[in-house]
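Participant: A predicted structure for the sequence below; I have some questions about it.
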Amino acid sequence: MRESSVQCVSAGGLHRMAYTEWGDPANDRVLLCVHGLTRCGRDFDFLAQAMSDRYRVVCPDVVGRGKSDWLKIKKLYGPPQYLADMVTLLARVNAGMVHWVGTSMGGLIGMVLAGLENTPISRLVLNDFGPVMTLQSMQRICEYVGKAPRFDSYEQAEAMVRFLAATFGKLTDAQWGHLTEHVVRTAADGKIEFRYDPGIAAGMHLALEQAQGKDIESWPLYDAISCPTLLLRGAESDLLLAETAVQMANRGPRARCVELPGVGHAPALLDPAQIAPIREFLLEAG
């Protein structure tokens, strides 16, 4: 594993986006793995290890998360900025072929990029995300995102991660530890705090307000995708409903759907059973 960063630009100035990468740095076959709303690129460590024999696997910390900088103008947290940053990253790593795995928010960014004319993405994996975000899931997320709690100990922080991410399913203590250690840090006063900018909540609260009590639908973005697409769905997900997955299998790129039992939003992609369908799908391309 190697750590690096790339300089990106927004209306508020320059910012640094951190990323980790695995595999041969000379390999122009790039697998870009993009995380969910409050998470970070280290969520994909186990998937990256499993795929690094065939790809240069690149796992960014989306701006405002992980080890990346925070934006000065909080209203810029949203898909347009994230999309611009990912295009900058792809230019930095000199990708010749791009496959994409996106969890939740990372799926949204990938869905937008994959639907653009001349997109670099030739295979797309959407991890528990589709063109319908349910009102229920948005309300649940808005209840905690941006609250910025602080803790007296690492154990308290891990307990909060376990509570907030309970829908990830049944995980081992080691897996919960992995999901915690990379999203928290020790502040100057010794308190433990989350690494993400509380300002990322602005976009979610605005989306919830604009939804006016309804689900958010973005079918034109999905229907614009033409590359082979794999959809992973947590069987208990409140964000990606079963009926949405059925529709996704029958329109647009006609996604191949795999449902993972005992998991809600979203599959953590930490164990071989969840990684296997991704590897099988991506390596069909040769």
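Facilitator: Looks like it came in fine. Numbering: from 1, shown residues only.

Participant: rest of the way, CA atoms for contacts and neighbours
Facilitator: Noted.

Participant: Could you say which helix or strand holds the spatially closest residue to D85 that is not a sequence neighbour?
Facilitator: Using C-alpha to C-alpha, 6 or more residues apart in numbering and skipping residues adjacent in sequence, the residue nearest D85 is C8, 5.9 Å away. Assigned by DSSP states H and E, C8 falls within strand 2-10.

Participant: what's the following helix or strand after that strand?
Facilitator: strand 13-22.

Participant: so where do the helices sit in the stretch 151-286 of the chain?
Facilitator: 154-164, 173-181, 201-211, 219-223, 242-249, 272-283 (DSSP state H, counting those that start in this stretch).

Participant: same question, the stretch 1-150 of the chain
Facilitator: 45-51, 79-92, 105-114, 135-142.

Participant: how about the ones you listed in a markdown table, adding mean pLDDT, distance to F129 and mean neighbour count?
Facilitator: Formatted as a markdown table, those follow (pLDDT from 0 to 100; distance: least, C-alpha to C-alpha, whole Å; neighbours: other C-alpha atoms under 10 Å):
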| stretch | mean pLDDT | distance to F129 | mean neighbour count |
| --- | --- | --- | --- |
| helix 45-51 | 98 | 18 | 19 |
| helix 79-92 | 96 | 14 | 17 |
| helix 105-114 | 98 | 6 | 24 |
| helix 135-142 | 82 | 11 | 15 |
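
Participant: JSON lines for those, including distance to G13?
Facilitator: Below are the helices of the stretch 1-150 of the chain laid out as JSON lines (distance: least, C-alpha to C-alpha, whole Å):
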{"stretch": "helix 45-51", "distance to G13": "31"}
{"stretch": "helix 79-92", "distance to G13": "12"}
{"stretch": "helix 105-114", "distance to G13": "21"}
{"stretch": "helix 135-142", "distance to G13": "28"}
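
Participant: So for L83, which of the helices of the stretch 151-286 of the chain sits nearest?
Facilitator: Across those, L83 has its closest neighbour in helix 219-223 (13.6 Å, C-alpha to C-alpha).

Participant: average model confidence for that closest one?
Facilitator: In this model, helix 219-223 has a mean pLDDT of 97.

Participant: so how far is that helix off the chain centroid?
Facilitator: Offset of helix 219-223 from its chain centre (C-alpha atoms, centre = their mean, to the nearest Å): 19 Å.

Participant: Please spell out which residue in this structure sits farthest from the middle.
Facilitator: D189 (30.5 Å; C-alpha atoms, centre = their mean).

Participant: hang on, isn't C257 packed against G234?
Facilitator: No - counting by C-alpha atoms under 8 Å, C257 sits too far from G234 to count as a contact (10.7 Å).

Participant: Of those two, which one has the most company?
Facilitator: Neighbour tally, C257 and G234, criterion other C-alpha atoms under 10 Å: the higher count belongs to G234, 27 against 16.

Participant: In contact with the more buried one, which residues are there?
Facilitator: By C-alpha atoms under 8 Å, 6 or more residues apart in numbering, the contact list for G234 reads 128, 240, 259-267.

Participant: try 6 Å
Facilitator: Taking C-alpha atoms under 6 Å, 6 or more residues apart in numbering, we find G234 in contact with 259-260, 263-265.

Participant: any weak-confidence spans in the chain?
Facilitator: 286 (pLDDT under 70).

Participant: List phi and psi for the closest residue to I73 other than its chain neighbours.
Facilitator: Excluding its sequence neighbours, the residue lying closest to I73 (C-alpha to C-alpha, 6+ apart) is G12, at 5.9 Å. Note on G12: backbone dihedrals following degrees, to the nearest 10 are phi -90, psi 0.

Participant: before we move on, back to that, out of the contacts of G234, give me the two with the largest separation.
Facilitator: E259 and H265 (11.7 Å).

Participant: Between those two, which is the more surrounded one?
Facilitator: For the pair E259 and H265, the greater number of neighbours falls to H265 (24 against 17), based on other C-alpha under 10 Å.

Participant: Would you quantify the distance from F281 to A273?
Facilitator: 14 Å (C-alpha to C-alpha, to the nearest Å).

Participant: Looking only at neighbour counts, state which of these two leads.
Facilitator: F281 (16 against 10).

Participant: Can you tell me how far that one is from G23?
Facilitator: For F281, the distance to G23 - C-alpha to C-alpha - is 19 Å.

Participant: same deal with D152?
Facilitator: 38 Å.

Participant: repeat for V62
Facilitator: 21 Å.

Participant: same check, this time on A266
Facilitator: Per C-alpha to C-alpha, A266 is found 26 Å from G23.
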